[in-house]
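Colleague: what's the 3D shape of this:
(2 chains)
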Amino acid sequence: MNYALLVLSSPASGHGARTAVRFAHSAIDRGHTIERVFFLDEGVGTGSQAAVFPQDEADRLAPWIDLAEQHSVELVLCISSALKRGLLDSAEAERYDKAGPTAHPAFIVSGLGQLIDAAARVDRLLTFGG
Amino acid sequence: MSTLRRKRSLLVMRHSPYGSSLARASIDLALAMGAFEQDFDLLFIGAGVLQLLDDQHSEQLGVKNSGKTLCSLPLYDVETVYIDAASLEAYGLAEQDLVLPVKLLDETQLSTVLNDCDHVLSC
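Modeller: Presented below is the predicted three-dimensional model:
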């Protein structure tokens, strides 16, 4: 089955984001496809390459990067949610004259059209958090 | 031969308009779905019914007025705006307090609407 995920949970609060990435890995292990993960609202915090979490806690970023790099899952941060929260890719950092990108390069910063497009094509759209 | 059918989505609005940014995210999603000519209906439930309140003064909070933004939805060909009758009643509101014409749903109709769409989207 082909899935798209919508992640609304912050990586720093609750467990929605962690559940989402664990679901994605399990689904892929069972032969399903995760076409795209769209991060919206507080969910965009997952894409931060500047966030530092305690060393004795699970890594919030690595399992997502693994999805993108090993399984070609598209990770998309909603641009309007991301900009408000200081998550910029290099193009946006340049456009708004900021010191540098804060979003990890495994993530794309793009619009809600990416969510709508995925929802129209996949078999299931699953929402985490909210 | 399978027939290609456009998917029908239901966007569920269940957050109060200014308590967090989630209501704003849902409204943005509704507008984007309208702009991308998707087939979808809206369902306001729980604290989400407050997004539709007429006479909001959000300028005092320094943010966009959810009621005014939602008013533009008919321009985007949104099929139906459903509202959970019990939620409306719980907040002591009536249809005339809202910015858009809505279709009230009782409990049975609510589950039918939720079952009849391809995707349920909720922020």
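
Colleague: Can you list the residue ranges for helices in the chain?
Modeller: Assuming you mean chain A. Listed in chain order, the helices found in chain A under DSSP state H are A:16-29, A:62-71, A:79-84, A:90-95, A:113-121.

Colleague: not quite, I wanted chain B
Modeller: So, for chain B - with DSSP H - the helices run B:22-35, B:66-71, B:85-90, B:107-115.

Colleague: B:Leu114 contacts B:Ser9, doesn't it?
Modeller: No: contact criterion C-beta atoms under 8 Å: B:Leu114 and B:Ser9 do not qualify, at 11.6 Å. (Glycine included, C-beta is placed from N, CA and C.)

Colleague: If you count surrounding residues, which of those two has more?
Modeller: In this comparison of B:Leu114 against B:Ser9, neighbours counted by other C-beta atoms under 10 Å in any protein chain shown, the higher total goes to B:Ser9 at 22 against 15.

Colleague: distance of that one from chain A?
Modeller: The span separating B:Ser9 from chain A equals 7 Å under the rule C-beta to the nearest C-beta, to the nearest Å.

Colleague: just B:Leu11 next, same as before
Modeller: Plainly put, B:Leu11 is 10 Å away from chain A if you go by C-beta to the nearest C-beta.

Colleague: Skipping adjacent residues, who's closest to A:Arg22 in space?
Modeller: Counting by C-beta to C-beta, 6 or more residues apart in numbering or on different chains, A:Pro63 is the residue found nearest to A:Arg22 once chain neighbours are left out, at 7.7 Å.

Colleague: Run a quick neighbour tally on the one you found.
Modeller: Neighbourhood size, A:Pro63 [other C-beta under 10 Å]: 17.

Colleague: Find me the pLDDT at residue 69, would you?
Modeller: All of this is about chain A. In the predicted model, A:Glu69 carries a pLDDT score of 96.

Colleague: oops, I was thinking of chain B
Modeller: 92.
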